[in-house]
Structures are given as C-alpha cells and as structure tokens.
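Q: A predicted structure for the sequence below; I have some questions about it.
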Amino acid sequence: MSFGRVKRALRRISVRLTLWHSFLFVAAILGVLGSTYVLLRSGVDAQERDVVLFRMYQYAGEYRSGGLSAVKNLAGLRKGPAQKAFFVRVAGPDNQTIYLRDREDWGQFRPQRLENMALPKGPERIWHLLDSGAGELLVASELMPDGNVLQVGKSNEESGALLRRFQTATLGVLAIFVPLSFLGGAIIAARTLRPLQKLTEAVQAIEAT
C-alpha cells in the first residue's frame, strides 16, 4: 500500500471517529434533555390536575350545600383570566349548558364542544382536554346528586409557557454543544491517530533515504 493511500485511509478514519464521537455526544445530550422534559411535563400535568381537583372539591361542596346559586356566588369572587379565574360549567342530564362562567373568557377553547362529549354516569370523574391551538383547557366533570354535572377546568397557559421556555433553552444548549462535539471529536481523533501518523511519516522518511 502506498503512503498516499495510507494517509487517505487515516483521514477517513479520522472523519469517522469525529462523526461517531459527535453522534454519541449529541445522543447523550438528547437523552438527558428528553428525559428531563418528559419528567417535567409529567410533573406539570400532575400538578395541573391537582389544582383542578382542589377547585372541583370547592365548587362541588358549594353545589351540594347551596345548589347552583352557591356555585354562582363562589364563581363571582374572581373575574377573568387576570384574577386566574377557573372555568366553571354546569350541565343538565342532557348535557345542555345551564350555567357557564364568563363565557367570553373561554371562547378560544370553544366550550360548546363539551355538549357533545361524554358525561359521568356515576361517581367516577371524567376528564376532557379542549385544545385551542395556542393552549389547552383541562376540564374535570363530576355528577351532582340532582343529576346535573359540574365541570371545573383550568387553562395550561402558565405551564405551557414553562415548557416552551424549557424547549427554547434546549435548542440553545444544542446550538452550543453540537459544534463543540464536532470540535471535541476532531481533537480526540487527531490525538488517537497521531502515533500512526508519526509512524507512517517515520517509515516514509526511512524509505526516502
């Protein structure tokens, strides 16, 4: 094999080592960031459900003790998204809306779609998710003693913003570390192959004398 072919083979090996190092490094970063995102999303979703359930217990307690008027009184304590008001709807057994709190504040989620969704038939609670394209409304439904259904929900605007910031930060990390992975791979490949390159150069020098 000529020394020119040896040098070309070493260059090919160097490129492959660089690419493999970069691939493994980026895969490791993506694995860590992906796992972190899944855990973060799972925790956020669980927290959102807990918050909705807490409000559901409040409104269900009011409904059982004072009926629809008690629900309206509690709902009237806060107004609009600025006060972090919750979505509240009361539907009859036929799923027709009896009461919907601040209808104009929830228009983007098209809450009328709930009229075509399943209602709980027993003590088991049902969850619905209304997607607006820009966010989601998580709604819990619970059957009341008089046969009506109480629905309480919350938009994921705050948690969605948190997840979007994480995604933006992830892109920033990748933008920094992907080029660095190529640079690191090139350095490692050069150091790994340096003895072979020196040996080739030494043999070539001996044959040239």
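A: Yes, it's here. Numbering: from 1, shown residues only.
Q: When you work out contacts or count neighbours from here on, use the C-alpha atoms and nothing else.
A: Noted.
Q: Mind naming the longest helix for this structure?
A: Among the elements of the chain assigned as helix by DSSP state H, the one spanning the most residues is helix 3-75.
Q: Please look at residue 126 and residue 149 and confirm they touch.
A: No - at 10.5 Å, residue 126 does not count as touching residue 149 under the criterion of C-alpha atoms under 8 Å.
Q: neighbour count winner among these two?
A: residue 149 (24 against 16; other C-alpha atoms under 10 Å).
Q: Now do the contacts for the more buried one.
A: 90-93, 95, 119-120, 141-143 (C-alpha atoms under 8 Å, 6 or more residues apart in numbering).
Q: Weed out the non-buried ones from the residues you listed.
A: For the contacts of residue 149, a burial check counting by 16 or more other C-alpha atoms under 10 Å picks out 90-92, 95, 119-120, 141-143.
Q: coming back round to it: overlap of the contact sets of residue 126 and residue 149?
A: By C-alpha under 8 Å, 6+ apart, the residues touching both residue 126 and residue 149 are 119-120, 141-142.
Q: nearest to residue 106, of the residues you listed?
A: residue 141 (16.7 Å; C-alpha to C-alpha).
Q: Pairing partners for whichever strand or helix holds the closest one, with directions?
A: Using DSSP states H and E, residue 141 sits in strand 136-143. Sheet pairing for strand 136-143, assigned by DSSP bridges, gives strand 126-131 (antiparallel), strand 149-155 (antiparallel).
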